[in-house]
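A.B. asks: Predicted model, plus sequence, below.
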Amino acid sequence: MEQVLSEQARAAIRSEVESRLTDEEIGTLMEPHLQARLATERVAWEAAWETRLNEAIARERAERNAPPAPAAPDLLDAEAIEPRLPDPIARIWNMALLESYVRGHRNVKATSFARRTPKALGMAMEFMERQERALDTETQYAGAEWVPTAFAQQMIVGVDYATRVASLFPDIPMPAKTLTVPTETPEDVATYFVAENVDLTAYNTLIADSGPVTNNIELSAKKIGARVILSNEFEEDAAPVCLARAMRKIELGLARGIDDAILNGDTASPHMDEDITSAADRRKAFLGLRALAYDNSTVASLATFTADDFITLRGMTGEYGLDLENCVWIAGPHGVNLLTLLRDVNDQLVMTRVSDAGPQATILRGTVGSLFNCPVVFCPKTREDVDANGYWNTGDAHDKGTLLYVWRPAWAKGLRRAPRLERATHIGAQAVEIVTTVRMDFKHGLGTEDTTALGYNF
């Protein structure tokens, strides 16, 4: 404590405050069962003495016209602290602090910097502890200015979804840009009625050739990506939770873009939807689920939206549609909500009541988990802004939805390189460039076989 007051003045203040406890009270408080109260009173006494002492020092300063103490430097500005922390160690300290904020560590000892540079970080921690020993969080010019304003670690955000559709199809690793994948043919090996024969020289009576027909598809890696520019000021000034959220949004954007390409991709020119015109549109990378259904004419109107319509739609996929373990329904928000109250042609609820659907009843789940024992997968990239024919055409109303029924093994998803997030700092532009990309292909492996059906007009 600064020696502004004389020892005599200090003793007088201490005596005045201490006199609050009489000898009788002190004797009573010394009883064993009242030790806790004594400790509490002693803390209060110490606080009162400190307060009175600070008030006396302030008055003495005012009388002497003493100038206020200079403002304390920024906690992260090691240059302004004397004795000065060496530059390399100061940088390590600053980066360790930032990492602890971003990753939610309780202290810098849990950061990667602590593991990589324990000696340097230890020196910085010891230095900072020495500088903070005589500080508190409320006294002006003695610590209050160094207490940061906290930024909430939660953020109000929109609903985000990672890949909902792409994850339905297993990855096929692609060791090269182009990969040939052998496929099965839908034709059965021919089987014949064989008559009895004992003449081994009668070659004209041999069983007819039943050899299978071979086929394959070729996967060619295509790149899908996103690019975001952040100013240096945003990176430096934004709260750590906001910076981390920005990075997460980039990753989620790529995931949803992949789903969009798989659902609504079309390699024809022009694209089946007239609002997709850019050559760089992700929906021109593959021939997707929706486009194949149109090519194979496995499409049906769901204008009445009854359970019978869905049975008809499933029937368009033939034997593939009855392989329930490998089939899936894919719908957008409007489609999923309509399924919640699905009825049959007799206007009877199908999915709502426990008596009909058991534990899968929508009255219990709040949404549809499966339909006819096949999972219902919700994906917001399922188009629900098309016309009555399931396309986006200029001049038509865009208020109808689509949904799909897919036999998943018919589709090959080749992965040349998994999603990657890359970052580059541009010094001249004072900006950070963040790019995320994936190299992949998505292709139907069974030619014109009816493995995918589309419902529209609802």
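C.D. replies: Ah, there it is. As the structure is a computational prediction, the values presented were derived from the model and not from experiment.

A.B. asks: just so I have it, where are all the helices in the stretch 201-350 of the chain?
C.D. replies: Using DSSP state H, counting those that start in this stretch, the helices of the stretch 201-350 of the chain run over 232-237, 240-264, 289-296, 307-315, 333-340.

A.B. asks: Low-confidence regions, the stretch 351-458 of the chain specifically.
C.D. replies: 352-366 (pLDDT under 70).

A.B. asks: Tell me where it has strands.
C.D. replies: 370-371, 374-378, 402-407, 411-426, 431-444, 452-456 (DSSP state E, counting those that start in this stretch).

A.B. asks: Relative to residue 207, which of these is closest?
C.D. replies: Of all the strands of the stretch 351-458 of the chain, strand 402-407 sits nearest to residue 207, with 32.9 Å by C-beta to C-beta. Using the backbone N, CA and C atoms, a C-beta is placed for each residue, glycine as well.

A.B. asks: that older thread, just so I know, which of the strands of the stretch 351-458 of the chain lies nearest residue 285?
C.D. replies: Closest to residue 285 of those is strand 431-444 (C-beta to C-beta; 7.9 Å).

A.B. asks: Extract the C-alpha trace of that closest one and format it as CSV.
C.D. replies: Presented in CSV, the C-alpha positions along strand 431-444 are these (Å, rounded to 0.1, in the frame of the first residue of the first chain):
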residue,chain,number,x,y,z
ALA,A,431,-7.8,-9.9,-45.7
VAL,A,432,-8.1,-13.6,-45.0
GLU,A,433,-9.3,-15.9,-47.8
ILE,A,434,-11.1,-19.1,-46.7
VAL,A,435,-11.9,-21.8,-49.2
THR,A,436,-13.6,-25.2,-48.7
THR,A,437,-13.7,-27.8,-51.4
VAL,A,438,-14.5,-31.4,-52.1
ARG,A,439,-13.7,-33.6,-55.1
MET,A,440,-16.3,-36.2,-55.8
ASP,A,441,-18.7,-37.7,-58.3
PHE,A,442,-22.2,-39.1,-58.1
LYS,A,443,-23.7,-41.5,-60.7
HIS,A,444,-26.4,-44.0,-61.2
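
A.B. asks: buried ones in that strand?
C.D. replies: The neighbour-count check on strand 431-444 (16 or more other C-beta atoms under 10 Å) flags 431, 432, 434, 436, 438, 439, 440, 441, 442, 443, 444 as buried.

A.B. asks: close enough to count as contact, residue 446 and residue 187?
C.D. replies: No: the pair residue 446 / residue 187 is not scored as a contact, 11.2 Å apart, by C-beta atoms under 8 Å.

A.B. asks: So for those two, which residue has more residues nearby?
C.D. replies: When neighbours are counted by other C-beta atoms under 10 Å, residue 446 and residue 187 differ, and residue 446 comes out ahead with 20 against 9.

A.B. asks: Give me the nearest residue to that one, chain neighbours excluded.
C.D. replies: Sequence neighbours aside, residue 410 is the residue nearest to residue 446 in space, at 4.8 Å (criterion: C-beta to C-beta, 6 or more residues apart in numbering).

A.B. asks: give me the number of residues near that neighbour?
C.D. replies: Using other C-beta under 10 Å, residue 410 has 22 neighbouring residues.

A.B. asks: same check, this time on residue 288
C.D. replies: Using other C-beta under 10 Å: residue 288 sits among 26 other residues.

A.B. asks: who touches it in this structure?
C.D. replies: 261, 262, 263, 264, 265, 266, 442 (C-beta atoms under 8 Å, 6 or more residues apart in numbering).

A.B. asks: Look at the second one and report its pLDDT.
C.D. replies: Going back to what we said before, that points to residue 262. What the model reports as pLDDT for residue 262 is 97.

A.B. asks: sorry, back to before: let's have the strands of the stretch 351-458 of the chain in JSON lines, adding distance to residue 117.
C.D. replies: Below are those laid out as JSON lines (distance: least, C-beta to C-beta, whole Å):
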{"stretch": "strand 370-371", "distance to residue 117": "54"}
{"stretch": "strand 374-378", "distance to residue 117": "47"}
{"stretch": "strand 402-407", "distance to residue 117": "52"}
{"stretch": "strand 411-426", "distance to residue 117": "22"}
{"stretch": "strand 431-444", "distance to residue 117": "24"}
{"stretch": "strand 452-456", "distance to residue 117": "55"}
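
A.B. asks: coming back round to it: buried deepest among the helices of the stretch 201-350 of the chain, which one?
C.D. replies: Most buried of the helices of the stretch 201-350 of the chain by mean neighbour count (mean count of other C-beta atoms under 10 Å) is helix 289-296; its value is a mean of 23.

A.B. asks: pLDDT on it, on average?
C.D. replies: 97.

A.B. asks: so what are the domain limits for this structure?
C.D. replies: The chain breaks down into these domains under automatic domain parsing: 7-64, 78-146, 220-456.

A.B. asks: The residue nearest to residue 446 is in contact with residue 445, isn't it?
C.D. replies: Yes: counting by C-beta under 8 Å, residue 410 touches residue 445, with 5.8 Å between them.

A.B. asks: So residue 225 versus residue 250, what's the distance?
C.D. replies: Taking C-beta to C-beta, to the nearest Å as the measure, residue 225 and residue 250 are separated by 10 Å.

A.B. asks: Find the residues that touch each one of the two.
C.D. replies: By C-beta under 8 Å, 6+ apart, residue 225 and residue 250 have these common neighbours: residue 436.

A.B. asks: Okay, now the unreliable bits of the stretch 51-200 of the chain?
C.D. replies: Within the stretch 51-200 of the chain, the segments meeting pLDDT under 70 span 52-54, 56-87, 98, 101-106, 127-161, 186, 198, 200.
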